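*Asks:* Build me a model:
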Amino acid sequence: MPEPYVILGHEPLREFAQRMLEGAGVDAEKASLVARSLVEANLRGVDSHGVQLLNFYIEHMRMDCVDLKAAGHVVSESGASMVYSGDNGIGQVVSDVCCDHAIRLANKHGVSLVTVRESNHFGAAAFWARKIARANLIGIVMCNATPLVPPWQGKEPRFGTNPICMALPGAPERSWLLDMATTTVAMGKIFKAHFSGEPSIPHGWAYDSDGVPTTDTGKAVKGMPMPLGGYKGSGLAFMIEILVAVLSGGAMSTQIGGIRIRTQPMRCGQAFLGIEVARYTPVEEFNQRMEWLVSQVKTTPPAPGYDEVLVAGEPEWRHAEYRGRHGIPLSQGVWQELVKTAATVGVAPPPAA
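*Replies:* Numbers count the residues shown, from 1 in each chain. Model prediction:
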């Protein structure tokens, strides 16, 4: 591992994250949930949604922009449908409750949709889609976010990176898992490059603040992420905005706070869908069909420059296996930011390699 990195085991890192959150006033049970969600992202190699988010979370909490005691309440429930208000609670706490509702409603009706308003950042969407999938359902999760992204042909932010995730129940969960932003990359990857002192990012990741494509990390941090596939990513972001905000009666587009808008509550929306496979096809048959489909993709001859064809989720599972054995690498920049934040809440960091 290059010198600029420090390495921690996932359990010491989780304990550190939990102590930081408790130092910021979060009770132990909620702090444990948030810490687990963040460190699991690091384990899977999704560092943009890992512990580096603690810097933003704790700053937002200390500004009284998050209600640390709230868990939200049901606004309405009808059949398989629910509208839920997070009451400005911690995003992971609200999401944990809403996943339970999505599971309960899907078990009863075969499908469910819980759409949420007045919530906060919930970490990586995969953490929640996988929770639904572990209840033998297909789990689909979406959310809107801080408006950082211009619509296609625009040069001012109107949408968040608005991710979508789908996880499968049973054995297929280890064969396919999609978790993607509707931008080329999540904004957290640009922040990670900034924290790590990387002077440039790949072409196609970001615009500068004038809407001009840039590879300069400093300009990108002050600029905007690019929509995925141009107008197609913009359309997907709009679709997610409809499902999580228009439908829920929640905050939309420029009404959302959060990253870069840290002096007001985030007010983001989320959606949690559950689909009971057995209502459509026997689970064993579903698993067999998924295995066949994945094999069709995996046995494709690789294109020049590639050793193999990967499917969604595969890189993350490989990261999890490696980092579970060898520890989680954090760049010196990310680590120093964490240490500084920890000091503000009276928490000493663990020793790092």
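
*Asks:* Tell me where the model's unsure across this structure.
*Replies:* In the prediction, the chain carries residues with pLDDT under 70 at positions 1-3, 171-173.

*Asks:* which residues in it form strands?
*Replies:* With DSSP state E as the criterion, the chain has strands at 5-8, 73-78, 81-85, 111-119, 137-143, 164-167, 177-180, 206-207, 213-214, 224-225, 268-276, 328-331.

*Asks:* Which strands border the first one, and is each parallel or antiparallel?
*Replies:* Read it as strand 5-8. Using DSSP bridges, strand 5-8 pairs in its sheet with strand 328-331 (antiparallel).

*Asks:* Over to the second one?
*Replies:* Strands that pair with strand 73-78, judged by DSSP bridges, come out as strand 81-85 (antiparallel).

*Asks:* Report the backbone C-alpha coordinates of the strand it pairs with in PDB.
*Replies:* Taking only C-alpha atoms (Å, rounded to 0.1, in the frame of the first residue of the first chain), the coordinates of strand 81-85 have been written out as PDB:
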ATOM      1  CA  SER A  81     -48.300   2.200  -0.200                       C
ATOM      2  CA  MET A  82     -46.900   4.400   2.500                       C
ATOM      3  CA  VAL A  83     -45.800   8.000   2.800                       C
ATOM      4  CA  TYR A  84     -43.400   8.600   5.700                       C
ATOM      5  CA  SER A  85     -42.000  11.800   7.200                       C
END
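
*Asks:* Buried residues of that strand, list them for me.
*Replies:* 82-85 (16 or more other C-beta atoms under 10 Å). For glycine as for every other residue, the C-beta is placed from the backbone atoms N, C-alpha and C.

*Asks:* which ones are touching the residue nearest to the spatial centre of the chain?
*Replies:* Among the residues of the chain, the smallest C-alpha distance to the mean C-alpha position (C-alpha atoms, centre = their mean) belongs to A124, namely 2.1 Å. The neighbours of A124, taking C-beta atoms under 8 Å, 6 or more residues apart in numbering as the test, are 37, 40-41, 44, 46, 49, 165, 179.

*Asks:* could I get those residues as a markdown table with distance to E198 and neighbour count?
*Replies:* Rendered in a markdown table, the data for these read as follows (distance: C-beta to C-beta, whole Å; neighbours: other C-beta atoms under 10 Å):
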| residue | distance to E198 | neighbour count |
| --- | --- | --- |
| S37 | 26 | 25 |
| E40 | 24 | 20 |
| A41 | 20 | 24 |
| R44 | 21 | 25 |
| V46 | 17 | 23 |
| H49 | 18 | 26 |
| C165 | 27 | 22 |
| D179 | 23 | 24 |
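
*Asks:* I'd like those as JSON lines, with distance to I240 appended.
*Replies:* Below are the contacts of A124 laid out as JSON lines (distance: C-beta to C-beta, whole Å):
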{"residue": "S37", "distance to I240": "20"}
{"residue": "E40", "distance to I240": "23"}
{"residue": "A41", "distance to I240": "20"}
{"residue": "R44", "distance to I240": "22"}
{"residue": "V46", "distance to I240": "19"}
{"residue": "H49", "distance to I240": "17"}
{"residue": "C165", "distance to I240": "11"}
{"residue": "D179", "distance to I240": "13"}
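
*Asks:* Take stretch 131-149, keep the C-alpha atoms, and write them as CSV.
*Replies:* Included here for stretch 131-149 are C-alpha records, laid out as CSV according to Å, rounded to 0.1, in the frame of the first residue of the first chain:
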residue,chain,number,x,y,z
LYS,A,131,-31.5,-5.1,4.0
ILE,A,132,-34.7,-5.5,2.0
ALA,A,133,-33.1,-8.3,0.0
ARG,A,134,-32.2,-10.2,3.1
ALA,A,135,-35.9,-10.5,3.8
ASN,A,136,-36.3,-12.5,0.6
LEU,A,137,-37.4,-9.6,-1.5
ILE,A,138,-36.0,-7.7,-4.4
GLY,A,139,-35.0,-4.4,-2.8
ILE,A,140,-35.0,-1.1,-4.8
VAL,A,141,-33.9,2.1,-3.2
MET,A,142,-33.7,5.7,-4.5
CYS,A,143,-33.1,9.2,-3.1
ASN,A,144,-32.7,12.8,-4.1
ALA,A,145,-29.9,14.9,-2.7
THR,A,146,-28.2,18.3,-2.5
PRO,A,147,-28.7,20.1,-5.8
LEU,A,148,-25.1,19.9,-7.2
VAL,A,149,-25.9,18.8,-10.8
